[in-house]
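A.B. asks: quick one: sequence plus predicted model below, questions after.
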Amino acid sequence: MRKQVILSMLACSLSIGSLLAQPLPERKETLNTVIKVNDYFMKKYADYTQPSFLGRLRPSNIWTRGVYYEGLMALHSIYPREDFYTYAYDWANFHKWGMRNGNTTRNADDHCCGQTYIDLYHICPDPTMIKNIKLSIDMLVNTPQVNDWWWIDAIQMGMPIFAQLGKMTGEEKYYNKMWDMYTYTRNQHGEKGMYNQKEGLWWRDQDFDPPYKEPNGKNCYWSRGNGWVYAALVRVLNEIPSNETHRNDYINDFKTMSEALKKCQRKDGFWNVSLHDETNFGGKETSGTALFVYGMAWGVRNGLLDRKEYLPVLLKAWNAMVNEAVHPNGFLGYVQGTGKEPKDGQPVTYTSIPDFEDYGIGCFILAGTEIYKLN
């Protein structure tokens, strides 16, 4: 009996050691994969002016395309191929550096494109590039409302812009308003806010506050929705200074989410669309998985997450996406279509094409660029 226990412990130790020793993918290999996925999109959607039609026409500067361009600008930062910049600049210029519903919009889905406008501005500054997005965000700063982000996706679509403008201008008013809006969504929207600090995860909106339950009786935490918050925290922490008043609060939320996400990873490396119920439209899902890889890789690289603890988790997820979701031509499988809960955007399979391809590819590129930066 004692011999069996010793052998079992040895096997477990070897397994853990093997996992911890999992090598980083070759940078060239990672870059090639990311470029392949991106080039698939740029070729298929070469005409960036074309609106999407899903029930109604949607211009190409809505949030779905905005997320794609977040990824493209991240890729451009590590591999500045000229056509990447041109594809982003011409898209922004076609939309006159504006938002879907103009400068008076308070909708974060409209604001998302502004993240790329600001990134492009930093490469070749022209006040025209950021005039509209700055005016719209200034409107939010200068009015008392703090309840505009009533769904958690909005945190990623809008919140990083406040951080970008705060860094650009040196004005704390952007950081202060960002905190007020974030904490209202976190602590007050719905009955007690969208964030369940006890479980370290977020309800998508007030429709999912308790007593809403999954079929297995647990709370419903949607993978991509939590991915949006996780990515937003990364993008904000990347911009705000080390002495920003609430930086440690954002870091605490990031770390708490990281621990919660680590616990519900699938054995194959992916995350399910429903984080706490693998039976509710269970199976591999790429967009949420990519956002979690993006956040964890950034956290490890910046010393906020323990490398030994999180590197195996994120590498397992990255390798799973590369080996099981990326098609030879760069098409990305297992991406859930738009929606707000597990049942939406189905089916999610290797070959199914989501209603919008852009945001899933943007998430994957963000993840890949962070994997590329790891040492």
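C.D. replies: Cool, got the structure. Keep in mind that this is a model prediction, so the values were computed, not measured. Numbers count the residues shown, from 1 in each chain.
A.B. asks: drop to CA atoms for contacts and neighbour counts, all remaining ones
C.D. replies: Fine.
A.B. asks: helices along the stretch 251-375 of the chain, start to end?
C.D. replies: 286-301, 307-324, 358-373 (DSSP state H, counting those that start in this stretch).
A.B. asks: so which of those is the most surrounded?
C.D. replies: Taking mean count of other Cα atoms under 10 Å as the contact definition, the stretch among the helices of the stretch 251-375 of the chain with the greatest mean neighbour count is helix 286-301, which reaches a mean of 28.
A.B. asks: which residues touch the residue nearest to K373 when sequence neighbours are not counted?
C.D. replies: Once flanking residues are discounted, K373 sits nearest to R301: 7.8 Å by Cα to Cα, 6 or more residues apart in numbering. Taking Cα atoms under 8 Å, 6 or more residues apart in numbering as the contact definition, R301 lies against 373-375.
A.B. asks: of these, which one scores lowest on pLDDT?
C.D. replies: Sorting those by confidence puts N375 at the bottom, with a pLDDT of 95.
A.B. asks: neighbours of that residue, just the number please.
C.D. replies: Taking other Cα atoms under 10 Å as the neighbour definition, N375 ends up with a count of 8.
A.B. asks: before we move on, the earlier item: could I get the helices of the stretch 251-375 of the chain as JSON lines with distance to G339?
C.D. replies: Conversion of these to JSON lines gives the following (distance: least, Cα to Cα, whole Å):
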{"stretch": "helix 286-301", "distance to G339": "12"}
{"stretch": "helix 307-324", "distance to G339": "21"}
{"stretch": "helix 358-373", "distance to G339": "12"}
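A.B. asks: among those helices, which is nearest T338?
C.D. replies: Checking those against T338 by Cα to Cα gives helix 358-373 as the closest, at 9.3 Å.
A.B. asks: elements contacting the closest one?
C.D. replies: On a contact count with 3 or more Cα pairs under 8 Å, 6 or more residues apart in numbering; DSSP states H and E, helix 358-373 meets helix 27-44, helix 63-78, helix 286-301.
A.B. asks: host element of W91?
C.D. replies: If you go by DSSP states H and E, W91 is part of helix 82-94.
A.B. asks: if you could redo that for Q156, that was the one I meant.
C.D. replies: Element membership of Q156, judged by DSSP H and E, is helix 153-169.
A.B. asks: with Q115 instead?
C.D. replies: Taking DSSP H and E as the definition, Q115 sits inside helix 113-123.
A.B. asks: buried sites along that helix?
C.D. replies: For helix 113-123, a neighbour-count test (16 or more other Cα atoms under 10 Å) marks 113-121 as buried.
A.B. asks: now, among those, which is nearest to A232?
C.D. replies: Sorting the buried residues of helix 113-123 by how near they are to A232, with Cα to Cα, puts Q115 at the top with 11.4 Å.
A.B. asks: coming back round to it: and the helices and strands packed on helix 358-373 as a markdown table, adding mean pLDDT and distance to D138?
C.D. replies: As requested, those are arranged in a markdown table below (pLDDT from 0 to 100; distance: least, Cα to Cα, whole Å):
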| stretch | mean pLDDT | distance to D138 |
| --- | --- | --- |
| helix 27-44 | 98 | 33 |
| helix 63-78 | 98 | 20 |
| helix 286-301 | 98 | 28 |
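A.B. asks: TSV for the ones you listed, including distance to M194?
C.D. replies: As requested, those are arranged in TSV below (distance: least, Cα to Cα, whole Å):
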stretch	distance to M194
helix 27-44	33
helix 63-78	21
helix 286-301	18
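A.B. asks: can you tell me which of those is nearest to Y310?
C.D. replies: helix 286-301 (6.9 Å).
A.B. asks: now the angle from that closest one to helix 358-373?
C.D. replies: Interaxial angle of helix 286-301 relative to helix 358-373 (axes from the mean of the first three to the mean of the last three Cα atoms, to 10 degrees): 30 degrees.
A.B. asks: please state the offset of helix 286-301 from the chain centre?
C.D. replies: 8 Å (Cα atoms, centre = their mean, to the nearest Å).
A.B. asks: between it and helix 307-324, how big is the angle?
C.D. replies: Taking the same axes, to 10 degrees, one finds that helix 286-301 is oriented at 150 degrees with respect to helix 307-324.
A.B. asks: alpha carbons of helix 286-301, in CSV - could you do that?
C.D. replies: Listed next in CSV are the C-alpha coordinates belonging to helix 286-301 (Å, rounded to 0.1, in the frame of the first residue of the first chain):
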residue,chain,number,x,y,z
THR,A,286,-12.5,30.5,-28.5
SER,A,287,-13.4,34.2,-27.8
GLY,A,288,-13.7,33.9,-24.1
THR,A,289,-10.6,31.6,-23.9
ALA,A,290,-8.6,34.1,-25.9
LEU,A,291,-9.5,37.0,-23.6
PHE,A,292,-8.4,34.9,-20.6
VAL,A,293,-5.1,34.1,-22.3
TYR,A,294,-4.6,37.7,-23.1
GLY,A,295,-5.1,38.7,-19.5
MET,A,296,-3.1,35.9,-17.9
ALA,A,297,-0.2,36.4,-20.2
TRP,A,298,-0.1,40.1,-19.5
GLY,A,299,-0.4,39.4,-15.8
VAL,A,300,2.5,37.0,-15.8
ARG,A,301,4.6,39.3,-18.0
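A.B. asks: in terms of secondary structure, what does the helix holding Q156 contact?
C.D. replies: For helix 153-169, the helices and strands in contact under the criterion 3+ Cα pairs under 8 Å, 6+ apart are helix 108-111, helix 113-123, helix 172-187, helix 223-237.
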